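A.B. asks: I need the structure of the sequence given here:
(one chain, ligands or ions: 1)
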Amino acid sequence: MKKNSKKWSERFSEPTSEIVKRFTASVTFDQRLAMVDIEGSLAHAEMLKKQKIISASDFKSIAKGLNQIQKEIQSGKFKWSIDLEDVHLNIEKRLTDIVGEPGKKLHTGRSRNDQVATDMRLWLREVVDKTIAQIETLQRATLTLAGEHVMTIMPGLTHLQIAQPISFAHHLLAYFEMLERDKARFQDSYKRINTLPLGAAALAGTSYPIDRAYVAKLLKFDSVMANSIDAVSDRDFLIEFNFSASLLMTHLSRWSEELIMWSSPFFGFIEISDGFCTGSSIMPQKKNPDVPELVRGKVARVNGHLVALLTLMKGQPLAYNKDNQEDKEPIFDVADTISDTLNIYAEMVAGITVSKESMEAAAFKGYSTATDLADYLVKKGMPFREAHGVVAKAVKYAIAQGCDLSELELKALQKFSPLIEQSIFQCLTLKGSVQSRNHFGGTSFTSVKSALKKAHQKLA
Ligand code: ARG
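C.D. replies: Numbering: from 1, shown residues only. Just a heads-up that it's a prediction; the model follows:
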């Protein structure tokens, strides 16, 4: 670059060295903001016109130029240059090339500091809308699968040990609930994203008679940021988005872990469709659950970005600092990662085949109705702790006999407590056990059916 040909100032007499230029440029990645940058510029220019800060004919030229640039970018014809550092300066320079003098007036009463903050909010707003829609698609797939398996009994686990029989749909609905909370978190964060920084200029506001509320209205922001210093410095909304994404990914990672286990031959509960698995180059019998494994792996990068963003902000004095440019690559990657993950997950869930027999057999094998025997004794007057001891002995005996509690003779059971009668066999069946947990939030078929209905209503 020639001497004195800086894009931002004539103050410098030395050109920027190539290495510094590359080091400080962000255009290779922030060109992704181009469309929202233009949207923001159009609103800013319109406000300048309304306030008579620029003339109507200047505005017309600016709008025409920006519309042309938009088309150039969309068609891939736009020439990005790292000499022009970032998306904002690239677009502004092109505008001046196209429309001349009026283009030079666009930046009146504005700084790249409030411009970039506005762009990030405009961009994130769209991402959040899309994320919420994608979560709902996954929830729908979850409900479809759950709808087919209200009466499918599986062993519910604690400590990865067989605990109590549950409806498979009930288990799936646990993920529906997690996704509901994820959705609510994104929805709630929206109000903190959707507030306008523009007008803060570099940090202190501007001496032009601007109308920030008008810009907010044009750009559909719910409010205007109340403090100009905060407006250019705040990146909380990105951190918050990243956190919501981390938690979403954490949920999908836990689910992935289950899918991986359930599809292993040791469990044999489900089969993930071939399209979501890969084979082994050496072991012909293998079908590897790559997709859930990768989802489990991708939480690492999303969490890494969260730590990066928190660390990025922790030492920054007010107001804007160039450090902030480092917010972009992490947050773009978070957005891409959750979008891809949610897409693929919804399809994968829709393609799961369930082996009801294996699930039920596992529940049957694991003495999962032992609690029901204890509850039976309690209902007949035995204190719970005592009943717990009685059942532990009965289970030990059944293990020695190599059978389930429900397969023991009544006489054998009565040796552990005379309170046990023929009616016990209703409690010891898997179905009886599941059905007995019949209250709001419980696993009985009736409870699960009404939970499913409510879940469908939430998505309607
Ligand atoms: N590329 C910059 C960023 O992403 C834009 C703002 C630059 N502002 C400045 N005063 N250097 O943060």
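
A.B. asks: For the rest of this, base every contact and every neighbour count on C-alpha atoms.
C.D. replies: OK.

A.B. asks: can you give me the helices in the stretch 351-460 of the chain?
C.D. replies: 356-365, 370-379, 384-401, 410-414, 424-428, 430-436, 445-459 (DSSP state H, counting those that start in this stretch).

A.B. asks: Save the ones you listed as TSV, and put in distance to Phe332 and mean neighbour count too.
C.D. replies: Output for the helices of the stretch 351-460 of the chain, formatted as TSV (distance: least, C-alpha to C-alpha, whole Å; neighbours: other C-alpha atoms under 10 Å):
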stretch	distance to Phe332	mean neighbour count
helix 356-365	41	19
helix 370-379	49	20
helix 384-401	54	16
helix 410-414	63	16
helix 424-428	53	18
helix 430-436	45	20
helix 445-459	28	16
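
A.B. asks: what sits against the residue of the stretch 251-400 of the chain found nearest the ligand?
C.D. replies: The nearest approach of the stretch 251-400 of the chain to the ligand comes at Gln325, 3.6 Å away (C-alpha to the nearest ligand atom). Counting by C-alpha atoms under 8 Å, 6 or more residues apart in numbering, Gln325 touches Ser26.

A.B. asks: wait, which of the helices of the stretch 351-460 of the chain is closest to Ala56?
C.D. replies: helix 445-459 (46.8 Å; C-alpha to C-alpha).

A.B. asks: export the closest one as PDB, just CAs?
C.D. replies: Provided in PDB are the C-alpha atoms of helix 445-459 (Å, rounded to 0.1, in the frame of the first residue of the first chain):
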ATOM      1  CA  PHE A 445     -48.800 -45.300  30.500                       C
ATOM      2  CA  THR A 446     -51.700 -43.000  31.300                       C
ATOM      3  CA  SER A 447     -49.400 -40.300  32.700                       C
ATOM      4  CA  VAL A 448     -47.100 -40.600  29.700                       C
ATOM      5  CA  LYS A 449     -50.000 -40.400  27.300                       C
ATOM      6  CA  SER A 450     -51.100 -37.100  28.900                       C
ATOM      7  CA  ALA A 451     -47.500 -35.800  29.000                       C
ATOM      8  CA  LEU A 452     -47.300 -36.500  25.200                       C
ATOM      9  CA  LYS A 453     -50.500 -34.700  24.600                       C
ATOM     10  CA  LYS A 454     -49.300 -31.700  26.500                       C
ATOM     11  CA  ALA A 455     -46.000 -31.800  24.700                       C
ATOM     12  CA  HIS A 456     -47.800 -31.800  21.300                       C
ATOM     13  CA  GLN A 457     -49.900 -28.800  22.500                       C
ATOM     14  CA  LYS A 458     -46.700 -26.900  23.400                       C
ATOM     15  CA  LEU A 459     -45.500 -27.200  19.800                       C
END
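
A.B. asks: Return the list of helices and strands in contact with that helix.
C.D. replies: Using 3 or more C-alpha pairs under 8 Å, 6 or more residues apart in numbering; DSSP states H and E as the contact test, the elements touching helix 445-459 are helix 112-147, helix 168-193, helix 430-436.

A.B. asks: how about these in JSON lines, adding mean pLDDT?
C.D. replies: Output for the helices and strands packed on helix 445-459, formatted as JSON lines (pLDDT from 0 to 100):
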{"stretch": "helix 112-147", "mean pLDDT": "98"}
{"stretch": "helix 168-193", "mean pLDDT": "98"}
{"stretch": "helix 430-436", "mean pLDDT": "93"}
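
A.B. asks: List the buried residues of stretch 81-95.
C.D. replies: Residues 82-92, 94-95 are the ones in stretch 81-95 that count as buried (16 or more other C-alpha atoms under 10 Å).

A.B. asks: Need the three-state assignment for Ile73.
C.D. replies: With DSSP: H, G, I helix; E, B strand; the rest coil as the basis, Ile73 sits in helix.

A.B. asks: which ones are touching it?
C.D. replies: Ala34.

A.B. asks: separation between the closest residue to Val299 other than its chain neighbours and Lys49?
C.D. replies: Ranked by C-alpha to C-alpha, 6 or more residues apart in numbering and with sequence neighbours excluded, the top spatial neighbour of Val299 is Met249, at 5.5 Å. Met249 sits 45 Å away from Lys49, going by C-alpha to C-alpha, to the nearest Å.

A.B. asks: No more questions from me, cheers.
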